[in-house]
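In: Next comes the sequence, and after it the predicted model I'd like to discuss.
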Amino acid sequence: MPIVRELQWEELDLLQGLEVVPTENDNGGIHFSVDHQGLRLLVTLWPHAGVVDVTLVQRTQQAVLLDFTVAVRGRIRYNNDKRGQYLEFADCVLVSRISFSAEQDEAAFNPNTFGRPMLLTVRPHLSVLFE
């Protein structure tokens with residue numbers, strides 16, 4: 001089964017999972033900014049490229065704690081189960097934001113490249129987890 005390069009999600013899932021209304025930037029990205037307990041989670045979806053930027057910042061000192069981009073090869077879903085409430089970005093591959101090349105794009109979306117789910121949680125605290 002071929003891997004789809006465009007992001008797949010339901011708008012309501014992102015609204016429930018991140019609890020904020022997105023803004024659209026001039027380059028076609030969909031941007032979410034979540035502030036919680038002194039942290040700011042920035043999530044930008046690039047729908048046609050199939051990638052998501054994730055940045056976690058400690059707000060008082062403006063210290064970047066995490067900053068990366070993932071190619072998302074599966075569907076983005078909101079889950080509310082025994083583990084809590086979270087967004088699941090299925091089948092992610094870490095890619096370089098700075099030097100994203102055609103070769104890297106091809107490798108990220110190759111079905112033989114191993115991917116992992118990424119979970120984003122807002123409540124009770126902001127967290128990013130690769131399973």
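Out: Cool, the structure landed.
In: Is Leu42 part of a helix or strand, or is it coil?
Out: strand (DSSP: H, G, I helix; E, B strand; the rest coil).
In: And the helices in the protein, which stretches?
Out: 11-18, 102-108 (DSSP state H).
In: Which helix or strand in this structure has the lowest average pLDDT?
Out: Scoring the helices and strands of the chain by mean pLDDT, DSSP states H and E places helix 102-108 at the bottom, with a mean of 80.
In: Could you tell me what pLDDT the model assigned to the residue nearest the centre of the chain?
Out: Note on the chain: the residue nearest the mean C-alpha position is Val52, at 4.5 Å, using C-alpha atoms, centre = their mean. If you check Val52, the pLDDT there is 96.
In: ditto for Val4
Out: Model confidence at Val4 (pLDDT) stands at 58.
In: residues touching Arg75, list them.
Out: Contact analysis of Arg75 by C-beta atoms under 8 Å, 6 or more residues apart in numbering lists 8-9, 90. To be clear about C-beta, it is placed using only N, CA and C from the backbone, and glycine gets the same treatment.
In: Asp53 too?
Out: Counted by C-beta under 8 Å, 6+ apart, Asp53 has contacts 29, 42-44, 46, 68-69, 97.
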